[in-house]
Each structure stands twice: as structure tokens, then as C-alpha cells.
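Undergrad: pasting the structure only:
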């Protein structure tokens, strides 16, 4: 443990841990995209374990930060945001892991390229939301919500497609399940964006 | 509401009932000045400033108007003997305070404390007789003569100590007499140094000697006050000094010459004063001067003590 | 090389027969801030004063056990030597009122002859005042008496006086208890900076849990003369193992 000089310095520490967690989440999502494109099995359990550990660390650090500096106003909201975002990033990594499991159950199954496109969009949403948080830019956060609508539509369409058929081909069923998980990823990206809008002081 | 009003009234009552006692003190003080001034006035009118520039003391019985009264020698004697007393007593005072307050076990501290209290309480005539019989011959034999032989080239020691009754002996005796008062005042000053400063001195690794130096720096105004109060007391001391000072109106740079002080002059001449015109008035002028010296010393001392208190918080 | 700057071994202190410290096994890591936290009368100031042997000036004190500073038993050493590299700041600002601001800082190096020239002394005084975050406020009036400074400035002057000896260990006895919050923050900041930049080991006594958590790397909780719990500040703040610690943090005892 090393002595820190100010609340800001301690906050930077938490942000560094959170940034690590973000990288784990991004790496997982990229791996999912590649696996979908190439129809290859994927194992993300190590990433999930790491993400969980990072999330717990951030919880402790943030709690201690509150005990130590007794922040008020937007500083307090910001610490709360860091806690919530760490949970979102952990969940995102978990969903990536779920997708990896789904792909690995049926190796070699070609998934529609539109799903890969949705995966890419979801990843972009997470990235934008997170940048908005660290760079403290409210406007970046705003268009994350717009993208969420796009992903919702794709998932609804797939769901409708599956529901309207007597028999569903394996590819289509898998795609629907994966889209459902990507939709959850997008939701968490949206939560992050909302947290940014809530916690950042209007400048 | 009514309770506070009755309280207020009784407070007022107490205040007014105590006022006369305070007034008596103030009145006595003013009277003292008034009477001394009133009786001194004829002498001051007749002799003016020459009273303080003449050494000669020559009452003329046959022709009273040719009498010469000079207060210079006694004034000189008073100031010099008191100064010697303070100079000798000061280092001893500082040492005693340090020994009592820092370096002695509780029992020794109490013993030294009681001895000093007894010293302060002794009648001054006892000091005078002891000075006459013991101190003066001893100093002449063992201090003045060797000093004169070894350091005779220094003006202070240049004259032969014919007797032990001189300015130096008066100074030494006075220093012993004022020591208890100086120790009491200086000790109070030392004790009023808050503990936190003692701690501060030690936390920077001061050794005992360096620590004592810092403490003395803090107690300095109190110690100066002790010296001034001692000076005031020495200047006013009468009987004991009259017995050892030699009672000769001389102004000399040599400490081994007999001298006079204002108070011993008054004591010696008072009984004859009514026989000579103006002599009583001159003696009262001496008293007035003594009063002014004492007041000046005490006032400065009180200011120093107040300043020390304020500084130490 | 010892990992701990200060370590006590079964330290017991009696003052006038009262058992004030009971079997204390305390330690303070090098270049970190260790806080001694506890209510008034718990013995935390006594523990602090056992580390620079200042406790001995209180009459009727008996000390048993060992205190090691960088592995060396200080009770078999010269107390004045110990205080040369273990300096202290007290609860009440106590700059010497008969010295100037400059002299207050210079006195330590002068006493111990750490400098050979006026220039060197000037340099140390400036360094200490800068480290105490006071230099800018007093640089134009170094010859003023310290009584002209505010309480908080006086306390920073005391910090500078303690730093001028370039100590390896700095003891702080509730240094912000009697000053305003802004100055208190300044002192906390100055102390953290010293640990970070100069590698000084700090032992900080406080009775407020909030301050303990804010400044500490490690916290030792003392209650009724006993060391109840010791650990990293985070552990003590979020997961105290002892019921007494928990209660003290919540303000239920004290």
C-alpha cells in the first residue's frame, strides 16, 4: 500500500482498475466477433473470472474511498457510477462468455453475418459509453441510447422470425439466442451511458 | 427576569461596599507623594539642581545659611551598591531556579525552597550585624586585599581596602538580602512556562544545557523583572547597609572606598535634622528620589511580567 | 534491513502506579503513515512518547519492554540522540515565542551542528518551511515573532521545526486537534507529501476515525492501554475484526 496525496489520486487508482476491467470486456467481445465470423469454438472462462475479481476490487476500493474522503455532491455520484459501471462491465464479460458457450455447443455452425454486425455494434456501444465516462463527455453518452434501439429491433426481428415458423433451423435458433445475449450487452452499455449522464456534473 | 435583577442589585451592593477599601489604597498613595513633595519643596526651591550635583554634606551650626547639602554621593552609593547587588545575585538566582526546578529531587527542592523562605523572613538588622561582624572583615581579608594586589591596575580595585566597610561590602550584603525575592519572582516566571514548551525543546533533541538555555530565554522577561524588583528593594534597604557602607559621602570609581546611600543618610541624619534649617527638607527630597527609583523599577518589572504572561499565552 | 521503522516488544508503562500501556506490540512500517487511533486517555499519546523517550520527563514513570527503531533498542541509547532523528509535533502549536520564525526552524540544526555556514542553514530553513507548506506565507517576514501567525500557521511552523532536523521518523500527536479545518487539511497534505517524496516514516495520533482513515496506511487501535487491533487502513475501515474497533468506528465508545 502506498500513501496517496489526494482524493483525485485515489480516484485515478479506481479508474485504472476499471479501465483494466473494460479491456477485459472489450477483448471478450472482440473474441466473440471473431468466433462468430469463423464459426470456431471459444473459451472465455478465464476472462470472466478476471472480470469478477476486478469488479470486487473496485467495489472495495470505492467503498474505502467513500469512507476515507467522505465525498459529497457529484464526486459521490461519480464514485457510485464507478461501482455500477464495474458491475455492468462484469456482466458484459459474462454475456460474452455465454455467447462463447453457445457457439462452442455447435461448432462449425455458420451464423448469419448480420449477427456479427450486431456484435460489432454492441461492442462499439460499450466502448463509446465507457469513453464518455472516463473523458467525462455527456454528448458521447447520448448517442449510445440511439444505437440501443437498433439492436433491440434486430433482436425482435429474429425473435419474430423464430416464433412464426413451425420448424426452425439450427443456425436461426442459435442466432436468436446469441442476439438475445447481445441485446443484454447493449442494455448494459446503455446503463453505463445513463450513469454518465446522471453522475457527471452538467458543465 | 426578576432573579437576574436582584442578583444585579446585590452585586452592586457588594461593589459599593468594597469600594472604600480600594479608595484608601489610592488615597494613601497620593498622600505619600503629596507629603514627600510638600516637605521637599523648600529644599528644592533653595538649592535647586545643585542638590544632585554636589557631593559635599556640610551642615553649618554657626551659620545655617552656609550649610551645604549634596545628595550626589548618597545617590551614587545607592545606585552602585544596588547595581552590584543585582549583578551578583542574578547568576545565583538563575542557577538556583534551574537547580530547584529541573535538577533536584523533590526533597532537596523543598529544602532549598524553605531555606530561601526563611532567608526572606529574617529581620534586616540580623543581616546588618552579620555583615558588620563577619562579612566585612572576611571580604577585606580574603577578597578585597588579593583583588587589590592582583588586579590593582583596574580602577575598580585600585584603592587599598583599609576597612571592610565600603561600597563593595554593601553590594555583597545587599545581594544576599535580595536573593530570596529575586528567586521567588524568577521561579514564578520559570514555573509559568507552559509544559508544552518544555516538551518542544526536548523534542528537537536539546540536551540539558541547551534545554536550560531555551527555558531561560522563555523566562527572560520574568528574570529581568526579578532583577528590577531586586534593584528596587536594594535601593530602599536601610539598616543593614548603614552598618557596612562606611557612611562617608564620596563619589569614587573604586569599590573599596567607603560610601553613603540615600537610605543610610536618612537613617543617620534624621535625628539631627530638626536642629538645622532645610536639612529635614533635603532628607525628604532624598526620600522622594528613592520613591521614584523604586517606582520606576517596579513599574518596568510589572510591565515585563505582564508581557511575559501575554507571550506565553 | 528491517521492514519496520519502529517496533515495540511487550511495552508496558506505568505512570504513578497506573498501568497505562499493557504489553504493547506495535509496529510502524518504513515510509508509511501509521495512525494510532483511540479515545482520550487510552494511552495513545503515551505510546507515541515512548518512541522518542519523552515519556521519561513525566515524574513517576516506569517503562518496561523494548522499543526498537530501525532494529536498535533505544532504551539502551542516549535519549537526546534518539530525539535527533525521531522528532515530534505536539497537539497545541508551541513555537518558541521568544525566537523569530526563522530561529524557530533553525534551532534544531544549530543545536546539533548540522550546518557549517549561514547559507546551508538558510537552505535547510527554507526546505523545512516549504515542506511544511508555509514558505510562501512567511518568506517575507522570517524575522517576525511566531505570535503574529495564526494558530494553523504556527502549527505548520512547528512541523517545519521538527523537519529541519531531517528526521527519519516524525511523531504527530493530534497535530490538527486545535486548528481550523483548512489548515488541518494542509497539514495532512504536507505530511503525506513528506512520506511520498522524502520517505519519512510517520506515526500519527488521532482520536477521530474519519481522520485516521483519511491519512493512514496502517491503523493501530488502542483502547484502555491495550492494542486492540492493527492492520492496513482499508482492513480496519471496511472489515474490523474486533468488536471494540467496530464500535469505536461507529462512535459508540470513546
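TA: Here it is on my side, so go on. As the structure is a prediction and not an experimental result, all values here were calculated from the model.

Undergrad: by residue count, what's the longest strand in chain C?
TA: When chain C is parsed with DSSP state E, its longest strand is strand C:4-15.

Undergrad: doesn't residue C:62 fall inside a helix?
TA: No. Counting by DSSP: H, G, I helix; E, B strand; the rest coil, residue C:62 is not found in a helix; it is strand.

Undergrad: so what pLDDT did the residue lying closest to it once chain neighbours are set aside get?
TA: Once flanking residues are discounted, residue C:62 sits nearest to residue C:14: 4.4 Å by Cβ to Cβ, 6 or more residues apart in numbering or on different chains. The way it works is simple: take the backbone N, C-alpha and C, and place the C-beta from them, glycine included. On pLDDT, residue C:14 comes in at 96.

Undergrad: residue A:40 too?
TA: If you check residue A:40, the pLDDT there is 87.

Undergrad: same question, residue A:99
TA: In this model, residue A:99 is scored at 95, pLDDT.

Undergrad: show the residue spans covered by the helices in the stretch 51-200 of chain C.
TA: Ranges of helices in the stretch 51-200 of chain C, per DSSP state H, counting those that start in this stretch, are C:79-85, C:101-111, C:118-131, C:135-138, C:151-163, C:181-198.

Undergrad: tabulate the ones you listed in a markdown table, adding columns for mean pLDDT, distance to chain B and mean neighbour count.
TA: Formatted as a markdown table, those follow (pLDDT from 0 to 100; distance: least, Cβ to the nearest Cβ, whole Å; neighbours: other Cβ atoms under 10 Å in any protein chain shown):
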| stretch | mean pLDDT | distance to chain B | mean neighbour count |
| --- | --- | --- | --- |
| helix C:79-85 | 89 | 4 | 19 |
| helix C:101-111 | 95 | 4 | 23 |
| helix C:118-131 | 96 | 12 | 17 |
| helix C:135-138 | 96 | 18 | 16 |
| helix C:151-163 | 96 | 7 | 25 |
| helix C:181-198 | 93 | 16 | 17 |
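
Undergrad: do you know which of these lies nearest residue A:184?
TA: Residue A:184 sits nearest to helix C:181-198 of all these, at 43.3 Å, using Cβ to Cβ.

Undergrad: show me what contacts residue A:190?
TA: Contact analysis of residue A:190 by Cβ atoms under 8 Å, 6 or more residues apart in numbering or on different chains lists A:125, A:129, A:144-145, A:148.

Undergrad: secondary structure element holding it?
TA: Using DSSP states H and E, residue A:190 falls within helix A:170-199.

Undergrad: quick check: buried residues in that helix?
TA: Using 16 or more other Cβ atoms under 10 Å in any protein chain shown as the test for burial, helix A:170-199 gives A:172, A:174-197, A:199.

Undergrad: how about stretch C:233-247?
TA: Those would be C:233-234, C:236-237, C:240, C:244-245, for stretch C:233-247 by 16+ other Cβ under 10 Å.

Undergrad: same question, stretch C:23-30
TA: Using 16+ other Cβ under 10 Å as the test for burial, stretch C:23-30 gives C:24, C:26-30.

Undergrad: in CSV: those residues, plus distance to residue C:120, pLDDT and secondary structure.
TA: Below are the buried residues of stretch C:23-30 laid out as CSV (distance: Cβ to Cβ, whole Å; pLDDT from 0 to 100; DSSP: H, G, I helix; E, B strand; the rest coil):
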residue, distance to residue C:120, pLDDT, secondary structure
C:24, 40, 96, strand
C:26, 36, 96, coil
C:27, 35, 95, strand
C:28, 30, 96, strand
C:29, 32, 95, strand
C:30, 27, 95, coil
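
Undergrad: any weak-confidence spans in chain B?
TA: For chain B, applying pLDDT under 70 flags the ranges B:1-7, B:313.

Undergrad: longest helix anywhere in it?
TA: helix B:2-47 (DSSP state H).

Undergrad: who are the packing partners of it?
TA: Here helix B:2-47 touches helix B:279-312, going by 3 or more Cβ pairs under 8 Å, 6 or more residues apart in numbering or on different chains; DSSP states H and E.

Undergrad: next, see if the helix it packs on gets close to chain C.
TA: Yes. Using Cβ under 8 Å from any Cβ of the partner chain, a contact is recorded between helix B:279-312 and chain C, made by B:311-312.
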